[in-house]
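Visitor: Below are the sequence and a predicted model; questions follow.
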Amino acid sequence: MARYTGPKSKIARKFKEPIFGPDKALERKNYPPGQHGNARRRGKKSEYAVQLAEKQKAKYTYGVLEKQFANLFDKAARKKGITGENLLKFLEGRLDNTVYRLGIAKTRSGARQLVSHKHLMVNGVVTNIPSCLLKPGDVVSIREKSKSIEFITNSLATRKDFSWLQWDESNFSGTFLNYPERSEIPENIKEQLIVELYSK
C-alpha cells in the first residue's frame, strides 16, 4: 500500500507539531529538517504553500491517502453545513480513528493494523477496512480471542474519554454516539485553509 513509512520525526519537525504523538526528536530540534536546519533562510510562504501544508498535515495526522482525502472532501462539500467541519467529522468517523480514540490502540497506525488483522468487529461483524465510515449508534468491539493481546490491554490502561464515544469496559466495546462538533476535536488543523485550497 502507498502509505508513508519513512521517519515520522521528520514529518513532525516539518510541521513543528507532534502529529504522530509525543516526539523526543521534535522537542530537541524544534526546527525544520534539512542539511542547514535552523540556519536556512526561508522566504515568506505563498498562500498556496500554506494551504497545501495544512492539507498535508491533515493527511499525515489521520493517515489518509490523497484519493481518499479528496473523496472525503467531495462528500463533505455535498453535505449541509460548513464544509471544513464536515471534513473533520468524516475523518473522525473513520473506523481506524475511532479505534484510536477509544484507546484500543495508542496510535492511528496501530489502530489501522488492528483493524486490518481482523481483531475488531463493527455491530458484531468482523471488519478489516480501516477507512470504513461509522454511523451514529455503531458499536465497535474487540473480538473475544483478541481481548488478551498485550498491545490492546496496555493501550486500554491509559485510554481517555471523548464526548462522542461511549466505552463499555465490561464488554470491551465502544459506541459511536454521533459525529463530534469542531470544538470537541483536539487536532490543531485549520480546515478553512483546506477548503480554500480545493476551491481554487
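Guide: Perfect, I can see it now.

Visitor: for the chain, longest helix please?
Guide: Among the segments of the chain that qualify as a helix by DSSP state H, the longest is helix 47-62.

Visitor: State the mean pLDDT of that one.
Guide: In this model, helix 47-62 has an average pLDDT of 92.

Visitor: likewise stretch 104-117?
Guide: For stretch 104-117, the per-residue pLDDT averages 93.

Visitor: Would you pull up how far that stretch lies from the middle of the chain?
Guide: Relative to the mean C-alpha coordinate of its chain, stretch 104-117 is positioned 11 Å out (C-alpha atoms, centre = their mean, to the nearest Å).

Visitor: And for stretch 63-77?
Guide: Remark: stretch 63-77 is offset 13 Å from the chain centroid, using C-alpha atoms, centre = their mean.

Visitor: For that stretch, which outside residues touch it?
Guide: Counting contacts by C-beta atoms under 8 Å, 6 or more residues apart in numbering, the residues outside stretch 63-77 that touch it are 2-3, 55, 58-59, 83-84, 86-87, 89-91, 94, 96, 108-109, 112, 131, 194, 198. No exception for glycine: its C-beta is placed from N, CA and C like everyone else's.

Visitor: how about 10 Å then?
Guide: Identification of contacts with stretch 63-77 by C-beta atoms under 10 Å, 6 or more residues apart in numbering yields 1-4, 20, 55-56, 58-59, 62, 82-91, 93-94, 96-97, 100, 107-109, 111-112, 130-131, 133, 191, 194-195, 197-199.

Visitor: Narrow the residues you listed to just the buried residues.
Guide: 20, 55-56, 58-59, 62, 83-91, 93-94, 96-97, 100, 108-109, 111-112, 130-131, 133, 191, 194-195, 197-198 (16 or more other C-beta atoms under 10 Å).

Visitor: which one is the residue most central in space within the chain nearest to, not counting chain neighbours?
Guide: Nearest to the centroid of the C-alpha atoms of the chain, with distances taken as C-alpha atoms, centre = their mean, sits residue 62, at 2.7 Å. Nearest residue to residue 62, sequence neighbours excluded (C-beta to C-beta, 6 or more residues apart in numbering): residue 91, at 4.8 Å.
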